[in-house]
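Visitor: coordinates only, no sequence provided:
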């Protein structure tokens, strides 16, 4: 499996204004309770304090590049509670999409 | 003035079932302005999302919808239109009343309970990963917020409908953190309803007790996945998915649906049982404060079944439209 990104779960009561681009990574989506919030239109649903920010790169990345991205998020004052690496295998995403 | 209701005619046999409900509603002189909205396989085939944003917006605006079964396309990237509607409309409470119907013989007499299934969290958050080449992980998401609103919905329903008992169903002996949170919240909410008896059961024990001691149960409340399984078990006890209604409630809107599939192999055969969609529609009438109409239609339905007029799934030979006409005739009698 090739490493292509990371889901960063932020501890935040609101949808965080995280960077849209960072190094090789693009912010593809933010979801909450498995439902897509960003990009819009965001459904009017009640949110938990656990938004997920999905960063992906078109090309494979290294662990160090993922570490640097997470470090950037931390340095900007966002408090994350969980990170999950995102893999692609034979062109197929090894992670689910939100609704 | 006619009350507006969004209508999704559905896929497969869905339009035939809707036609049956329309026949019966006309006979009952129910004044509804149906607002047709699109969702399902037809949208996908037309190159649209399975539930277009316009559909979500319209249901939100109108506040009430009736949905016939839809087909989830098989293949990469396909999503369930039903789950999409529940998630995007935040329809957090799936309510499944199950009760014995005259003429529908099952081993479970005097069945009468209501299942409250949390509809937006748990493994249905659908957060999944391959974390190595050999290990998959699904996240079971349980929140205090999600648990409280489904627990409160169950207790409020019990209070409003003079139900005496609420049971929380869980697996907190194993999933001590996730299901433990659900259970703790239910126990806390129960304290606000001292007139209602409350206890909890582990889900496997609950399944066993449902088929051995079903008469003691009244209202059950549980997380999403257990609710999915237990509510279909209960539907089987009632006589099958062909007769089991469903309702999905959010804070500002509600969607009523038969819980069975679209049965595409029977499309156009005028064969499937419209009872589940009809009973879902009568739940909708209750929601619209048309209680007398609900009672009238359910009475006509029960009389029809008691006369032995049934569709094939219940051992009869009535067609979909023939069954609807028979219920309509009872209403006019």
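Guide: Now that the structure is in, tell me what you want to look at. Keep in mind it's a predicted model, so treat the numbers as computed, not measured. Residues are numbered from 1 along each chain as shown, chains lettered A, B, ... in the order given.

Visitor: can we go C-alpha only for contacts and neighbour counts from here?
Guide: Will do.

Visitor: what sits against the nearest residue to residue B:107 once chain neighbours are set aside?
Guide: On the basis of Cα to Cα, 6 or more residues apart in numbering or on different chains, the spatially nearest residue to residue B:107 that is not a chain neighbour turns out to be residue B:237, at 7.5 Å. Residues counted as contacts of residue B:237 (Cα atoms under 8 Å, 6 or more residues apart in numbering or on different chains) are B:106-108, B:211.

Visitor: now do 10 Å
Guide: For residue B:237, the residues meeting the contact criterion (Cα atoms under 10 Å, 6 or more residues apart in numbering or on different chains) are B:98-100, B:105-109, B:111, B:210-211, B:214, B:231, B:244.

Visitor: secondary structure element for the spatially most central residue of chain A?
Guide: The centre of chain A sits closest to residue A:54, judged by Cα atoms, centre = their mean, with a distance of 1.9 Å. When elements are defined using DSSP states H and E, residue A:54 is found to belong to strand A:52-56.

Visitor: just checking: what are the partner strands of that strand?
Guide: With DSSP bridges as the test, strand A:52-56 is paired with strand A:2-10 (antiparallel), strand A:25-32 (antiparallel).

Visitor: so who does the residue nearest to the centre of chain A touch?
Guide: Under the criterion of Cα under 10 Å, 6+ apart, the contact list for residue A:54 reads A:5-9, A:25-31, A:83-86.

Visitor: let's go with 7 Å and repeat that
Guide: By Cα atoms under 7 Å, 6 or more residues apart in numbering or on different chains, the residues touching residue A:54 are A:6-8, A:27-30.

Visitor: any of those buried? List them.
Guide: With neighbours counted using 16 or more other Cα atoms under 10 Å in any protein chain shown, the contacts of residue A:54 contain these buried positions: A:6-8, A:27, A:29-30.

Visitor: tell me the strands beside the least confident helix or strand in chain A by mean pLDDT, with direction?
Guide: Of all the helices and strands that make up chain A, strand A:35-38 has the lowest average by mean pLDDT, DSSP states H and E, namely a mean of 93. Paired neighbours of strand A:35-38 in the sheet (DSSP bridges): strand A:25-32 (antiparallel).

Visitor: what lies in contact with the strand it pairs with?
Guide: Residues outside strand A:25-32 that contact it (Cα under 7 Å, 6+ apart) are A:20-21, A:36-39, A:47-48, A:50-57, A:98.

Visitor: among the contacts of residue B:237, which lie within helices?
Guide: Using DSSP state H, the members of the contacts of residue B:237 that fall in helices are B:210-211, B:231.

Visitor: now render those residues as a markdown table, adding pLDDT, distance to chain A and neighbour count.
Guide: Formatted as a markdown table, the ones in helices among the contacts of residue B:237 follow (pLDDT from 0 to 100; distance: Cα to the nearest Cα, whole Å; neighbours: other Cα atoms under 10 Å in any protein chain shown):
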| residue | pLDDT | distance to chain A | neighbour count |
| --- | --- | --- | --- |
| B:210 | 97 | 31 | 18 |
| B:211 | 97 | 34 | 14 |
| B:231 | 95 | 23 | 26 |
